[in-house]
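Asker: Predicted model and sequence follow; I will ask about them next.
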Protein chains: 2
Amino acid sequence: MKWTELPEQPCLIARSVAILGDRWTMLVLRDAFAGLRRFDQFQESLGISRTIVADRLNLLVEEGVLEKRPYQQHPPRYEYRLTSKGLDLYPILLAIFDWGRRYYPIEAGLPIIHTHKNCGHDFAPVTTCSHCGDPVTAHDVTARRGPGLYS
Amino acid sequence: MKWTELPEQPCLIARSVAILGDRWTMLVLRDAFAGLRRFDQFQESLGISRTIVADRLNLLVEEGVLEKRPYQQHPPRYEYRLTSKGLDLYPILLAIFDWGRRYYPIEAGLPIIHTHKNCGHDFAPVTTCSHCGDPVTAHDVTARRGPGLYS
């Protein structure tokens, strides 16, 4: 979906899910964070048609989430790397992983274990308030219209 | 997409995005967090066909993210409320909003302003480490295979 096809409503979630609201796009991003870079790696990981892989990679490049770089000249070959805009999607991926961990547990344990390099411990993500630093859940938040919303 | 159609790979992100990797589903969730409960409210907000709205609401009920409750007997009418599993999606929605805020800013300002009730301040979400409490970015994390991943 193009952003311009969305309802005429200045919504940051709608703008973002115009890109992210697609399961293959999310799995491409998962794989990019796991270190995959080349078209064939993505295609093999996802096990889907080259057309779908190419479509999602192109969208992510167009949106500045991935950067397409040549890694070989003859014949020309490209790889796809997360940009800083792409790397900033990490909290979203972590939050999705953590929700899956809670509600779709795998009997044998976690499939992937995340370690926080700075403190050296395995961790789960905790969403906190930028002001006071305390954890934030849906129950702790009120929302009001801001100046960017049509009145 | 049904979970069973996914690649034979125990991935919590794939499991979760089988539900969440759909833009209309995400916008239904956005609206549910904004307090909408009735079919017609969702339909009016999204401006899409009743079939798509019904399909997404049914999926979310089936997955235990929304609960369908009668609010009127004659004629029977239902409303859709977030369950605790649904409320636990809030960090994902907040993270998506925050990414949109950074990369697709609206000139007039934020369309929605979130206040942390506990401290009384407007805030942005910060993803932190459950062990040390420090902020976590993509650069701060290493991931390794856990027991739940096929070797």
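Answerer: Noted; the coordinates are in hand.
Asker: How about the contacts made by the nearest residue to residue A:113 once chain neighbours are set aside?
Answerer: Spatially, and ignoring its direct neighbours in sequence, residue A:113 is nearest to residue B:146 (4.4 Å; CB to CB, 6 or more residues apart in numbering or on different chains). (Each C-beta comes from the backbone N, C-alpha and C, glycine too.) Residues in contact with residue B:146, defined by CB atoms under 8 Å, 6 or more residues apart in numbering or on different chains, are A:109, A:110, A:111, A:112, A:113.
Asker: Tell me the pLDDT of the fourth one.
Answerer: This means residue A:112. At residue A:112, the model reports a pLDDT of 93.
Asker: Leaving out sequence neighbours, find the closest residue to it.
Answerer: Leaving aside its chain neighbours, residue A:112 sits nearest to residue B:143 (5.2 Å; criterion: CB to CB, 6+ apart).
Asker: Can you spell out which residues form a bridge with the one you found?
Answerer: The residues listed as beta-bridge partners of residue B:143 by DSSP bridges are residue A:114.
Asker: Just the buried ones from the contacts of residue B:146, in PyMOL syntax?
Answerer: Here is the PyMOL command that picks out the buried ones among those, judged by 16 or more other CB atoms under 10 Å in any protein chain shown:
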select buried, chain A and resi 110+111+112+113
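Asker: Among the contacts of residue B:146, which lie within strands?
Answerer: A:112, A:113 (DSSP state E).
Asker: which two in the contacts of residue B:146 are spaced the farthest apart?
Answerer: Taking CB to CB, the two most distant members of the contacts of residue B:146 are A:109 and A:112; they sit 10.3 Å apart.
Asker: all strands of chain A, in order?
Answerer: If you assign secondary structure with DSSP E, the strands in chain A sit at A:66-72, A:77-82, A:112-116, A:121-122, A:125-129, A:141-145.
Asker: most tightly surrounded among the ones you listed?
Answerer: A comparison of the strands of chain A by mean neighbour count, using mean count of other CB atoms under 10 Å in any protein chain shown, puts strand A:125-129 on top with a mean of 21.
Asker: List the contacts of the closest residue to residue A:79 other than its chain neighbours.
Answerer: Closest residue to residue A:79 apart from its sequence neighbours, by CB to CB, 6+ apart: residue A:37 at 4.0 Å. When the contact criterion is CB under 8 Å, 6+ apart, the partners of residue A:37 are A:79, A:80, A:81.
Asker: how about the last one, what does it touch?
Answerer: Contacts here follow CB under 8 Å, 6+ apart; on that basis residue A:81 touches A:32, A:37, A:66, A:67, A:69.
Asker: what's across from the last one in the sheet?
Answerer: Beta-bridge partners of residue A:69, counted by DSSP bridges, are residue A:79.
Asker: how far away is residue A:10 from residue A:146?
Answerer: Counting by CB to CB, to the nearest Å, the gap from residue A:10 to residue A:146 is 10 Å.
Asker: what touches both of the two?
Answerer: residue B:111.
Asker: Tell me where chain A has helices.
Answerer: Using DSSP state H, the helices of chain A run over residues A:12-20, A:23-33, A:39-46, A:50-62, A:84-87, A:90-103.
Asker: can you put the ones you listed in JSON lines and add distance to chain B and mean neighbour count?
Answerer: Below are these laid out as JSON lines (distance: least, CB to the nearest CB, whole Å; neighbours: other CB atoms under 10 Å in any protein chain shown):
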{"stretch": "helix A:12-20", "distance to chain B": "3", "mean neighbour count": "24"}
{"stretch": "helix A:23-33", "distance to chain B": "3", "mean neighbour count": "22"}
{"stretch": "helix A:39-46", "distance to chain B": "7", "mean neighbour count": "17"}
{"stretch": "helix A:50-62", "distance to chain B": "11", "mean neighbour count": "16"}
{"stretch": "helix A:84-87", "distance to chain B": "4", "mean neighbour count": "16"}
{"stretch": "helix A:90-103", "distance to chain B": "3", "mean neighbour count": "22"}
